[in-house]
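Student: Could you look at this predicted model? Sequence included:
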Amino acid sequence: MTTTPTRTRRPQKATHREGRRHSRPAARRRNWAGGLAGWLWLAVVAVPLYWTLITSLKDRSRYYASNPLVPSSDPTLENYRLVIESDFLRYFANSVVVTVGAVLPAVVFSFMAAYAIVRGWRMRALRAMNGLFLMGLAIPLQATVIPVYLIIIKLHLYDSLPALILPSIAFAIPLSVLVLANFIRDVPKELFDSMRVDGATEWTTLWRLAAPLTRPAVLTVTVFNALTIWNGFLLPLVLTQSPDRRTLPLALWTFQGQYGVNVPAVLAAVVLTTLPVLALYAFGRRQLLSGLTAGFSR
Amino acid sequence: MSSLIGLPRRREPRSILPWLAAPALLVFVGFAVVPLVGVFALSFTTWDGIGAIRPSGLTSWRAVLTDPGLPHALWVTFLVMAVSWVVQTPLSILLGTFLAGRQRYRAVLGVVYFVPLMLSSAAIAIAYEALLDPNFGLGAGLGIQTLSQDWLGRPGLAFGVVVFVVSWQFIPFHSLIYQGGVQQIPKSLYEAAQLDGAGRIRQFFGITLPQLKHTVITSSTLMVVGSLTFFDLIFVLTEGGPGDATRVLALDMYKRGFQAGLMGPASAIAVILVLVGLALALLLRRLGGRDAGASQLEGA
């Protein structure tokens, strides 16, 4: 996986070298303030992460006596065993169900809506809907949580995984529609026209033309929504109650309440819950990062 | 569905477009628009979260508006917003400019910088709670007095910790935005400045900063409106404490509603939260002009 970014970056690097030789002033390279900030920030970010990781591998009894920044000479996975035995596999499964269950419909629905908005811009109803979604971007999720709780109770979904899925879809829609519409708008109009000449319906055009051509944007939106929903805390806190409905962030919090004094175990839980996301980060860093800023760069 | 439409007449295919939009609209109306109207309606009722909902006129509003807790929560929310803006913006610009350079090692540092973006607020808060523990945390382990204070037990310190952890979590994101902004500045501007003999610092203040104006507004909008939604982090880290030192609006709403069973007043707080959010978004939009479409992430 690491070869892909390297390969794509190489041309940039070459042009840059060229640019520096000819046009880039020498003074611009000596950005000491930026450099200082850069290395300092590295320490600020890395030290807590490093401390969390090494402490999670320490034996509980020896943890208090040891130097906190020196890794244990005799690392143990005992803390991880305790975490996994505390039902974390179930919480992991719950998180997967909620994330997949919400992200798939959210992206498909958003894509369909974005397509309709771009292709049907002449229709007042679709423009109005676009306005509604834009306004939705300014609604803070917390502010609507009380009525959402009421609706979920009325639907007899309280304390179930669908209770988490439905509002998550709703809140993923505005940003997804905005980003996807931006990209669908970039598809050359002639392509749509030629599809129509060939007799394709909007439905086929949507899946055969628009979807393949905007694949990177779809991936980006998927990743962003998945991350947001995976890390969500408020909805599980308010909409579920039984231990076996917990998703990872909520389980982490209750685990801390139970084992608070056992610092290495709590930190092992932190590491375990973040491991899947970090694996994804190692795997598709560029997609993740572009996913995070999508919609702002345009 | 496509088979039903048949021959490609000009009008016919377009008519399915509203249907394509229907599922998204349905879910969004059901779980975002209705709740938004609902929270307004609920602010005129009395409800404990379990029993029956009874209309009660302005009782909740009167209770909320006369409670000294509200101005306090507004003040704390504003302070968190302002202080974290002041801390995050210069650092993000500096780091963004730094990352925009093409040196290899900067890209490598970038890999580490963005890790906090992947973590849940709950995980971050829990790790910091352990790290800052006055007896068993990092400072105590190293035996450094100044680092082993009761960080979360004293109001001023706890507030500082909240701002620090917020910055730790979100500076990477804003650096990423600024990195993109800096990379879009035309190189010719720097060449011209170079010919005029402007040094590194004058180039930064004369070219980089003014050229980043729109990026600053985008980033600030996200920062300011986003700060209204710091719930998870503060809830797990301090639960609004010690006392009510870090009790921001969102937390105030949760505690009144779901812990004290006062859903009416909590809904009134939620309405205030929505209004503050919209007002800030509009204000920054006015400042922003063309970047108006960028007040995006606050809902996400």
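Tutor: Received the coordinates, thanks.
Student: Quick check: buried residues in the helix or strand harbouring residue A:102?
Tutor: Per DSSP states H and E, residue A:102 falls inside helix A:89-119. Neighbour-count burial for helix A:89-119 flags A:91-92, A:94-95, A:98-99, A:101-103, A:105-119 (criterion: 16 or more other CB atoms under 10 Å in any protein chain shown). Any C-beta I mention is one placed from the backbone N, CA and C, and that applies to glycine too.
Student: Chain B next: which of those are close?
Tutor: When contact is defined as CB under 8 Å from any CB of the partner chain, the buried residues of helix A:89-119 meet chain B at A:105, A:109-110, A:112-113, A:115-117, A:119.
Student: tell me the least confident of the residues you listed?
Tutor: By pLDDT, residue A:119 ranks lowest within those, coming in at 89.
Student: Hmm, that one is touching residue B:17, no?
Tutor: Yes - when contacts are counted by CB atoms under 8 Å, residue A:119 is listed as touching residue B:17 (5.9 Å).
Student: Show me whatever sits in contact with both of those two.
Tutor: Common neighbours of residue A:119 and residue B:17 are listed as residue A:202 (criterion: CB atoms under 8 Å, 6 or more residues apart in numbering or on different chains).
Student: With chain A as the reference, measure out to residue B:123.
Tutor: Going from residue B:123 to chain A by CB to the nearest CB, to the nearest Å gives 5 Å.
Student: quick one, what contacts that residue?
Tutor: Counting by CB under 8 Å, 6+ apart, residue B:123 makes contact with A:249, A:252, A:270, A:273-274.
Student: Let me know the closest of the residues you listed to chain B.
Tutor: residue A:249 (4.0 Å; CB to the nearest CB).
Student: What does the pLDDT read for residue 108?
Tutor: I'll assume chain A. On the pLDDT scale, residue A:108 gets 96.
Student: meant chain B, my bad for not saying
Tutor: Looking at residue B:108, its pLDDT stands at 82.
Student: And it, how close does it get to chain A?
Tutor: Counting by CB to the nearest CB, the gap from residue B:108 to chain A is 10 Å.
Student: which residues are contacting the host helix or strand of that residue?
Tutor: Using DSSP H and E, residue B:108 sits within helix B:104-113. Residues outside helix B:104-113 that contact it (CB under 8 Å, 6+ apart) are A:9, A:38-39, A:41-42, A:45-46, A:285, B:95, B:98-99, B:172, B:175.
Student: Kindly calculate the angle that the helix or strand just after the helix holding residue A:102 makes with helix A:89-119.
Tutor: Per DSSP H and E, helix A:89-119 leads on to helix A:124-136 as the next helix or strand towards the C-terminus. Here the directions of helix A:124-136 and helix A:89-119 differ by 140 degrees (axes from the mean of the first three to the mean of the last three CA atoms, to 10 degrees).
Student: how does chain A divide up, domain by domain?
Tutor: A:36-76, A:81-293 (automatic domain parsing).
Student: hmm, back to that, got a markdown table for the contacts of residue B:123, with secondary structure too?
Tutor: Formatted as a markdown table, those follow (DSSP: H, G, I helix; E, B strand; the rest coil):
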| residue | secondary structure |
| --- | --- |
| A:249 | helix |
| A:252 | helix |
| A:270 | helix |
| A:273 | helix |
| A:274 | helix |
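Student: okay, those in JSON lines with distance to chain B, pLDDT and neighbour count next?
Tutor: Below are those laid out as JSON lines (distance: CB to the nearest CB, whole Å; pLDDT from 0 to 100; neighbours: other CB atoms under 10 Å in any protein chain shown):
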{"residue": "A:249", "distance to chain B": "4", "pLDDT": "94", "neighbour count": "26"}
{"residue": "A:252", "distance to chain B": "5", "pLDDT": "92", "neighbour count": "28"}
{"residue": "A:270", "distance to chain B": "5", "pLDDT": "93", "neighbour count": "27"}
{"residue": "A:273", "distance to chain B": "6", "pLDDT": "90", "neighbour count": "27"}
{"residue": "A:274", "distance to chain B": "5", "pLDDT": "89", "neighbour count": "24"}
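Student: So what does residue B:143 look like in phi/psi?
Tutor: When read as degrees, to the nearest 10, the backbone of residue B:143 gives phi 70, psi 30.
Student: so where's chain B uncertain?
Tutor: B:1-15, B:288-300 (pLDDT under 70).
Student: Next, name the residue at the spatial heart of it.
Tutor: Centroid-nearest residue in chain B, with CA atoms, centre = their mean: residue B:226, separated by 1.8 Å.
Student: Run a quick neighbour tally on residue B:210.
Tutor: Neighbour count of residue B:210, defined by other CB atoms under 10 Å in any protein chain shown: 11.
Student: Could you check which helix or strand contains it?
Tutor: Applying DSSP H and E as the criterion places residue B:210 in helix B:209-211.
Student: Centre of the chain to whichever helix or strand comes after that helix, how far?
Tutor: Per DSSP H and E, the first helix or strand lying C-terminal to helix B:209-211 is helix B:213-227. The chain centre lies 9 Å from the centre of helix B:213-227; the measure is CA atoms, centre = their mean, to the nearest Å.
Student: quick one: buried residues of helix B:213-227?
Tutor: For helix B:213-227, by 16+ other CB under 10 Å, it's B:215-227.
Student: can you check stretch B:108-125 too?
Tutor: For stretch B:108-125, by 16+ other CB under 10 Å, it's B:109-110, B:113-125.
Student: Ok, stretch B:148-165 next?
Tutor: Under 16+ other CB under 10 Å, the buried positions of stretch B:148-165 are B:148, B:151-152, B:157-159, B:161-165.
Student: For residue B:251, list the residues it contacts.
Tutor: The contact partners of residue B:251, taken as CB under 8 Å, 6+ apart, are B:73, B:231, B:234-235, B:239-240.
Student: let's go with 6 Å and repeat that
Tutor: Neighbour list for residue B:251: B:234, B:240 [criterion: CB atoms under 6 Å, 6 or more residues apart in numbering or on different chains].
Student: hang on, it is in a helix, isn't it?
Tutor: Yes - assessed with three-state DSSP, residue B:251 lies in a helix.
Student: Tell me where chain B has strands.
Tutor: B:45-46, B:54-55 (DSSP state E).
Student: Run the chain-centre distance for the first one.
Tutor: This points to strand B:45-46. Centre-to-centre, strand B:45-46 and its host chain are 30 Å apart (CA atoms, centre = their mean).
Student: Partner strands of it, with direction?
Tutor: Sheet pairing of strand B:45-46 (DSSP bridges) gives strand B:54-55 (antiparallel).
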